[in-house]
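Colleague: mind looking at a prediction? Sequence and model below.
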Amino acid sequence: MPKRLVLRPCAYLILCLAVALGASPAFAHGGHDPAAAEAAALVQVEEWPVHNIVTSIAFAPGFMEGLDLRVVDVRETASLAHHDLSVSAEGDFVFAAQPPLSLDLEVRDGVLHQFSRGVISHDGGFDLVWDGGALSFDGFLLRPGQEPRTLDLHAANGVPLFNATHMHFELTDDRLDVFNMDLRLTPQLAAKLGEPNMAGAAVGVLAMRANTEGPRTEEPVRGGVCDDFSGDVDVALIDIGSVGQSNRANGFVGVTPSATLKNVGTANVPWYRKFTAPAPPYNNDQHPFLVWSLYRFADGRIEQLGVSDIKHAFLTLNFNCDPGACTNSDILGLGCEDVYGTGTNNSYNHVSLREEIEAGPALWNGVGSHFDQNGDGVQDHPGNGTPGDGGMDHRLPILEADLDTLGAEYWIESWYIIRDDINIFNNMGHQQVGPSQSGSGNWSFPTTSAYLGGPAIDRWADEVEAGVQSTNETLQTAQGHVQIAVRVRELGGGLFRYEYAVMNHDIDAQFDSFTIPVPEGALLQDVLFRDNDQDPGNEWTFANAGGFASWSSPNVSSPPEVGEAQDWGMLFNFGFTTPISPEASVTRVTTAEPNGSISVQSLAPLGVTTLIFANGFESGDTTAWD
């Protein structure tokens, strides 16, 4: 198939309009840039034919077992040495494409934009069997998906069975590596399985390798300016996209989101894989870290049901970039976007312990870390010959019983921790999900709202509701950011319910107390403390004395044991019912470090007592008589 090069003048409409009107085009990165303008005016769009295609499919055993799906009579027709950043599990099945091939790539300035057209049929296959049915994958087909960099997997008769999304790739002049694509059930296959609510669930990982035909232009525009790290670092999470079950055991389900991000700042952002050679601008293997949480909104309260450990970023794809941006896979270039699927965010090879990270400065030392257990500066864990991770290790484990609260809303939140980023709040975002358990016991988490930027606590605190007063205050300190929100609900009978949510965004000095001013001797009932673990042995203690209601972490050591104090990225709940109306006041958190006290504006019960006597008649609580 002949190669084809298309030069598209005025490929960017804003630039074309500016030139037509005689204006100087200005970009977000440094104003008028003649080189960028020239690059934008002649975007190199090429079609690259591919050949010698080999496709690998690796199914997730736990999820398949939960659906009672069995892969039998496998007829492999090829082998594949996976890309060194592939998360495909051992035991994958590999199949060669049958000639004649028909698949083209659309490449823009040397970066894969999409599979432009074509279909490929494979030699060999397997049977997918379940109670009550079976499907043959003999001669299965791959076609370009509806979205860029996606593929659809069809049976030989054309029935769509899987969608493959969130592609990682490496494209050189003679080879294309596709890896880490989430393999998701189509609605058609989910219906055949009798599990329609599992449509979109990721059940495995797809990879592909193919040859291309070499350079397409005499002077290809690739790479951009990669050695300039001046400007402001600002990376935005722009979508979560999909959320899935990673594993399930002992009454818990592991939950993992995908993520799409974009460089919206004016500086290149280092994205070096862990344990690579030191590189500018920090002279180390600096890379971002991803964490995620699940929240429940119920009974007028926001509750953090759990938090993940740390996912280390390891590759940036750099697509949809600004003209002339760096497209080196170790640097997120100007305006560039990147994706990670649930499969990569769920990989044991890239997830480790929260306590290894300093969230405020976004620092991590790999030597002697979870990945380098012998301290020689080389990753040896998980790996052959060493004890591996398994089960819920480093996952976001959620108690299944917490997912069936009647009338509750559930929100997934993700956050990228990035060194020197000027705005942590556009690094994070949240999206509503609708947890649903299938007859097989597996969970699906379809998204039920649009993606929203910022933390989930904003959604809860800023919701307008009759009979509810609220405040939502964020304070930036030299140590990081703390956010305290409160909603005060009139219960009737002269009583008010106070619900406080304290969010330690990125302060490494953990919180060990929370204090609210109250009138001396104030009646406080139904006192609440809630953290995000299942350990009753680390609950904070409550005191109402000296004009303050306060909760304190028990037996705080230095540094605190895990779960004793409130670490970064965690939300704790405090609450009570009282007959005293709210007024503006100051609440306070203290940290485990000496003299660490932070005051934040909020609401407190300082107004009038609406009961004539605090005798318990109105509430039915006669403990006040004591």
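Modeller: Alright, I've got the coordinates.

Colleague: any idea how many residues pack against the closest residue in space to residue 308 that isn't next to it in sequence?
Modeller: Excluding its sequence neighbours, the residue lying closest to residue 308 (Cβ to Cβ, 6 or more residues apart in numbering) is residue 396, at 3.9 Å. Every C-beta, even on glycine, is put in place using the N, C-alpha and C of the backbone. Using other Cβ atoms under 10 Å, the number of residues around residue 396 comes to 25.

Colleague: in the stretch 301-450 of the chain, which spans are strands?
Modeller: Ranges of strands in the stretch 301-450 of the chain, per DSSP state E, counting those that start in this stretch, are 301-307, 310-312, 331-332, 337-340, 351-352, 397-399, 409-417, 428-433, 436-437, 443-444.

Colleague: could you find the closest non-adjacent residue to the residue positioned nearest the centre of the chain?
Modeller: With distances taken as Cα atoms, centre = their mean, residue 414 lies nearest the centre of the chain, 4.1 Å away. Closest residue to residue 414 apart from its sequence neighbours, by Cβ to Cβ, 6+ apart: residue 292 at 4.5 Å.

Colleague: ok, that neighbour to residue 356 distance?
Modeller: Using Cβ to Cβ, to the nearest Å, residue 292 is found at 17 Å from residue 356.

Colleague: could you do residue 533 as well?
Modeller: Per Cβ to Cβ, residue 533 is found 19 Å from residue 356.

Colleague: over to residue 333?
Modeller: Using Cβ to Cβ, residue 333 is found at 28 Å from residue 356.

Colleague: ok, now residue 164?
Modeller: Counting by Cβ to Cβ - residue 164 and residue 356 are separated by 33 Å.

Colleague: picking up where we left off before, got the buried residues for the host helix or strand of the residue nearest to residue 414?
Modeller: Element membership for residue 292 (DSSP states H and E) is strand 289-298. By 16 or more other Cβ atoms under 10 Å, the buried positions in strand 289-298 come out as 289, 290, 291, 292, 293, 294, 295, 296, 297.

Colleague: closest one to residue 322 out of those, please.
Modeller: Checking those against residue 322 with Cβ to Cβ, the nearest one is residue 290 at 23.4 Å.

Colleague: okay, now the unreliable bits of this protein?
Modeller: For the chain, the stretches with pLDDT under 70 are 1-43, 89-90, 214-223, 383-387, 556-563, 594-595, 609-626.

Colleague: okay, now residue 117: neighbour count?
Modeller: 13.

Colleague: can you check residue 406 too?
Modeller: As a burial measure, residue 406 scores 5 neighbours (other Cβ under 10 Å).

Colleague: measure it to residue 442 for me?
Modeller: To residue 442, residue 406 is 22 Å away according to Cβ to Cβ.

Colleague: go on, residue 149?
Modeller: Residue 149 is 27 Å from residue 442, by Cβ to Cβ.

Colleague: could you do residue 576 as well?
Modeller: 39 Å.

Colleague: can you give me the helices in the stretch 351-500 of the chain?
Modeller: 456-461 (DSSP state H, counting those that start in this stretch).

Colleague: re the thing from before, the residue nearest to the centre of the chain and residue 237 touch, don't they?
Modeller: Yes. Contact criterion Cβ atoms under 8 Å: residue 414 and residue 237 qualify, at 6.0 Å.

Colleague: joint contacts of the two?
Modeller: Contact with both residue 414 and residue 237 is made by residues 259, 428, 429, according to Cβ atoms under 8 Å, 6 or more residues apart in numbering.

Colleague: okay if I get these as CSV plus neighbour count and distance to residue 541?
Modeller: Listed next are the shared contacts of residue 414 and residue 237 as CSV, based on neighbours: other Cβ atoms under 10 Å; distance: Cβ to Cβ, whole Å:
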residue, neighbour count, distance to residue 541
259, 26, 38
428, 24, 31
429, 26, 35
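
Colleague: of those residues, just say which sits nearest to residue 565.
Modeller: Proximity of the shared contacts of residue 414 and residue 237 to residue 565 (Cβ to Cβ) peaks at residue 428, which lies at 22.0 Å.

Colleague: about what we covered before: so residue 164 and residue 356 - more neighbours on which side?
Modeller: It is residue 164, of residue 164 and residue 356, that has more neighbours when counted by other Cβ under 10 Å, with 26 against 18.

Colleague: any idea how far that one lies from residue 324?
Modeller: From residue 164 across to residue 324, the span is 31 Å (Cβ to Cβ).

Colleague: over to residue 231?
Modeller: Residue 231 is 14 Å from residue 324, by Cβ to Cβ.

Colleague: who's more crowded, these two?
Modeller: residue 324 (23 against 14).

Colleague: what's the distance between stretch 310-327 and the middle of its chain?
Modeller: With Cα atoms, centre = their mean, to the nearest Å as the basis, stretch 310-327 stands 16 Å off its chain's centre.

Colleague: how far does it stretch from start to finish?
Modeller: Stretch 310-327 stretches 25 Å from its first residue to its last (Cα to Cα, to the nearest Å).

Colleague: do stretch 86-98 as well
Modeller: End to end - Cα to Cα - stretch 86-98 spans 24 Å.

Colleague: on the three-state scheme, residue 197 is what?
Modeller: The three-state label for residue 197, taken from DSSP: H, G, I helix; E, B strand; the rest coil, comes out as helix.

Colleague: list the residues that contact it.
Modeller: The contact partners of residue 197, taken as Cβ under 8 Å, 6+ apart, are 190, 436, 438, 444, 446.

Colleague: drop anything exposed from those.
Modeller: The neighbour count (16+ other Cβ under 10 Å) marks 190, 438, 444, 446 as buried among the contacts of residue 197.

Colleague: farthest pair within those residues?
Modeller: 438 and 446 (12.2 Å).

Colleague: residue ranges for the helices of this protein, please.
Modeller: Using DSSP state H, the helices found in the chain span residues 13-20, 34-41, 61-66, 187-192, 342-345, 456-461.

Colleague: and the strand holding residue 292, which strands flank it?
Modeller: The strands that strand 289-298 pairs with in its sheet are strand 301-307 (antiparallel), strand 310-312 (antiparallel), strand 409-417 (antiparallel) (by DSSP bridges).

Colleague: residue 142: neighbour count?
Modeller: Neighbours of residue 142 under the rule other Cβ under 10 Å: 23.

Colleague: pretty sure it is touching residue 153, no?
Modeller: Yes. Counting by Cβ under 8 Å, residue 142 touches residue 153, with 5.9 Å between them.

Colleague: now do stretch 348-359: distance from first to last residue.
Modeller: Note: stretch 348-359 ends 21 Å apart using Cα to Cα.

Colleague: contacts for it, please.
Modeller: For stretch 348-359, the external contacting residues (Cβ under 8 Å, 6+ apart) are 87, 289, 291, 307-312, 314, 344-345, 363-365, 369-371, 382, 388-390, 393-395, 417, 480, 505-508, 562, 567-569.

Colleague: show the buried residues in those residues.
Modeller: Among those, those classed as buried by 16+ other Cβ under 10 Å are 87, 289, 291, 307-312, 314, 344-345, 363-364, 369-371, 382, 393-395, 417, 480, 505-508, 567-569.

Colleague: who touches residue 446 in this structure?
Modeller: By Cβ under 8 Å, 6+ apart, residue 446 lies in contact with 197, 200, 243, 433, 434, 436.

Colleague: try 10 Å
Modeller: 197-201, 242-244, 432-436 (Cβ atoms under 10 Å, 6 or more residues apart in numbering).

Colleague: just checking, the residue nearest to residue 308 touches residue 256?
Modeller: Yes. The criterion here is Cβ atoms under 10 Å, and residue 396 meets it with residue 256 at 6.8 Å.

Colleague: overlap in contacts of these two?
Modeller: In contact with both residue 396 and residue 256: 243, 246, 292, 308, 345, 346, 412, using Cβ under 10 Å, 6+ apart.
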